[in-house]
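Participant: please work out how this folds:
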Amino acid sequence: MRSSHRTILRDGVAIGLAVGTIGISFGVLGRAAGLSPAMACAMSALVFAGGSQFLAIAVVTAGGGVPAAVLGGLLLNARHVPFGIALVPMLRGRLALRALSSQLVIDESTAFALAQPTPELGRRAFYTVGITLFLFWQAGTAVGALAGGALDPSAAGIDAAFPAGLLALLVPQLRTRQARVAALAGAAIALAATPLLPAGGPILVAALGAFVGLAVGRR
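Facilitator: Sure, this is the predicted structure:
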């Protein structure tokens with residue numbers, strides 16, 4: 001991944017095409033959940049976190065409240081906290097610029113930035129990949145939101161995008177025994193809580209699985 005600016009841009013565009021496709025899915029599902037095209041596009045621009053956006057749509061569609069959707073999104077994106085700490089040497093500057101840059105802190109931009117040999121190259125990679133993916137995500141959301149009124153997500157299989165997206169986020173994190181135990185414990189807790197809690201609640205209590213993973217890691 002240590003490469004020239006041109007190669008970074010090329011890789012960013014390749015990833016951006018895939019991200020744009022997922023953005024189309026979000027736009028369609030957002031319309032099916034009752035969002036207007038403007039609301040779906042605003043959510044993608046302000047949140048810019050695919051997993052959290054799909055989670056919010058799923059929770060609200062299932063009858064859950066906004067607090068459950070927000071808390072679920074915060075838990076899902078808690079990994080961005082260490083991302084931001086790791087990127088501090090590359091994103092120095094005025095507070096306003098750093099605040100704007102934080103909107104681009106995602107898995108891909110962080111991975112490309114940290115793979116570079118110097119902070120300067122890392123900074124360039126961060127902004128190149130981050131801005132490219134941001135633009136593709138917005139474009140995909142707009143296309144999906146505008147076309148969503150004419151599509152049935154279930155018939156087209158688009159409703160499978162949310163669980164597929166979560167699995168895509170989860171699989172790379174399961175390299176250690178501790179992570180696998182946490183994931184299995186969280187799934188078990190969510191399944192047990194589903195008959196007892198309102199929509200969105202099982203997702204929140206599933207976070208307790210992380211404590212099981214921590215306990216296993218200390219042994």
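Participant: now Leu121: how far from Phe83?
Facilitator: Separation of Leu121 from Phe83 (C-beta to C-beta, to the nearest Å): 18 Å. Any C-beta I mention is one placed from the backbone N, CA and C, and that applies to glycine too.
Participant: same check on Gly144?
Facilitator: According to C-beta to C-beta, Gly144 stands 27 Å off from Phe83.
Participant: which one's more surrounded, those two?
Facilitator: Gly144 (29 against 18; other C-beta atoms under 10 Å).
Participant: give the buried residues for whichever strand or helix holds that one.
Facilitator: Secondary-structure assignment from DSSP states H and E places Gly144 in helix 119-147. Neighbour-count burial for helix 119-147, counted by 16 or more other C-beta atoms under 10 Å, picks out 121-130, 132-134, 136-146.
Participant: quick check: mean pLDDT across that helix?
Facilitator: Helix 119-147 shows a mean pLDDT of 92 in the predicted model.
Participant: distance from it to the middle of the chain?
Facilitator: In terms of C-alpha atoms, centre = their mean, to the nearest Å, the centre of helix 119-147 is found 13 Å from the chain centre.
Participant: could you do stretch 79-89 as well?
Facilitator: Distance, centroid of stretch 79-89 to centroid of chain: 15 Å (C-alpha atoms, centre = their mean).
Participant: for it, C-alpha coordinates in PDB please.
Facilitator: In PDB, the C-alpha atoms belonging to stretch 79-89 read as follows (Å, rounded to 0.1, in the frame of the first residue of the first chain):
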ATOM      1  CA  ARG A  79     -13.400   1.900  16.600                       C
ATOM      2  CA  HIS A  80     -13.000   5.400  15.100                       C
ATOM      3  CA  VAL A  81     -11.600   6.700  18.400                       C
ATOM      4  CA  PRO A  82      -8.300   4.800  18.100                       C
ATOM      5  CA  PHE A  83      -8.300   5.700  14.400                       C
ATOM      6  CA  GLY A  84      -8.300   9.400  15.300                       C
ATOM      7  CA  ILE A  85      -5.600   9.000  17.900                       C
ATOM      8  CA  ALA A  86      -3.300   7.100  15.400                       C
ATOM      9  CA  LEU A  87      -3.800   9.900  12.800                       C
ATOM     10  CA  VAL A  88      -2.800  12.800  15.100                       C
ATOM     11  CA  PRO A  89       0.800  13.000  13.700                       C
END
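Participant: list the buried residues in it.
Facilitator: Across stretch 79-89, burial judged by 16+ other C-beta under 10 Å covers His80, Phe83, Leu87.
Participant: may I ask which helix or strand of this protein has the lowest mean pLDDT?
Facilitator: Between all helices and strands in the chain, the lowest mean by mean pLDDT, DSSP states H and E belongs to helix 153-156, at a mean of 56.
Participant: how's the chain carved up into domains?
Facilitator: Domains of the chain are assigned by automatic domain parsing as 5-173, 175-219.
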